[in-house]
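K.L.:
mind folding the following:
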Amino acid sequence: TAVDVVSSTMLLLKLSAARYSAQKEKVMSWDYALTPHGTKLRDGAFEGINFRHYGIFVDNNDENSNRLLVRVTRLGGEHHAERRCWFLKEEDDDGSVFGGCSCGVPNTDGIPCHHMIAVVKSGRIEGLTPTNAMPFWWTTECWKRQYPEDVEVTCNFDLTTLRRTPEDRSLRYCPPYTGPSKAGRPKNKKRMKSPVEGTKKRRRSQD
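P.N.:
The predicted structure is shown next:
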């Protein structure tokens, strides 16, 4: 009750409109294939991976499939199981060939695992790069779809405009139950009894 609901709502709308305009301007001026955060994730994931530590075999027997299958094994250990990675043969509308791996990391983290990164760095698949190996949701094209060029978000009304608007008496700011409760312990007549209290009462009546 200490906050003017109308003024606070107008402030939130103005901040949202300003944030949308700022993000849209940033998107339109971004010329790279991946978003800023996508670029950071790519650089961090590909750093420190040496493809020479992996056994890589490209299995491309299924010509009808739209996937490129690769078997990858981490060398130098007895407990490294063979993993099966896959990439799209052709880039999607966002320029990505991101696939998956049997290790499950791409499904949970949303970025290529070290098996997929080893395949990319090995150069065994033509046209496969660290950029198009990233998922489509980290591409700039996917980012631009969230801020269409023909959409403008503005907050061009004030209290004077609201005063001129016909008042709707059926609308209320807050329901009664959102108000603050009275301080102190409630009275017995208004307090809901616990199951223990109800049991004691029944026992006394039975006695």
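K.L.:
pick out the residue nearest the middle of the protein.
P.N.:
Closest to where the C-alpha atoms of the chain average out (CA atoms, centre = their mean) is Trp137, at 9.3 Å.
K.L.:
please name the residues that touch that one.
P.N.:
By CB atoms under 8 Å, 6 or more residues apart in numbering, the residues touching Trp137 are Gly110. For the C-beta atoms, the positions are set from N, CA and C on the backbone; glycine is no exception.
K.L.:
shouldn't it be within a strand?
P.N.:
No - per DSSP: H, G, I helix; E, B strand; the rest coil, Trp137 lies outside any strand segment and is helix.
K.L.:
list the contacts of stretch 93-109.
P.N.:
Stretch 93-109 is contacted by residues 33, 67-68, 72, 83-91, 112-116, 128, 131-136, 139, 141-142 when judged by CB under 8 Å, 6+ apart.
K.L.:
buried only: go through those for me.
P.N.:
33, 68, 72, 83, 85-88, 112-116, 128, 131-136, 139, 142 (16 or more other CB atoms under 10 Å).
K.L.:
what lines up beside the longest strand belonging to the chain in the sheet?
P.N.:
When the chain is scanned for its longest strand (criterion: DSSP state E), the result is strand 67-74. Next to strand 67-74 in the sheet, as set by DSSP bridges, lie strand 54-59 (antiparallel), strand 83-88 (antiparallel).
K.L.:
I'd like those laid out as a markdown table, including distance to Ser122 and mean pLDDT.
P.N.:
Shown next, in a markdown table, are the strands paired with strand 67-74 (distance: least, CB to CB, whole Å; pLDDT from 0 to 100):
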| stretch | distance to Ser122 | mean pLDDT |
| --- | --- | --- |
| strand 54-59 | 5 | 91 |
| strand 83-88 | 11 | 93 |
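K.L.:
all set, thanks.
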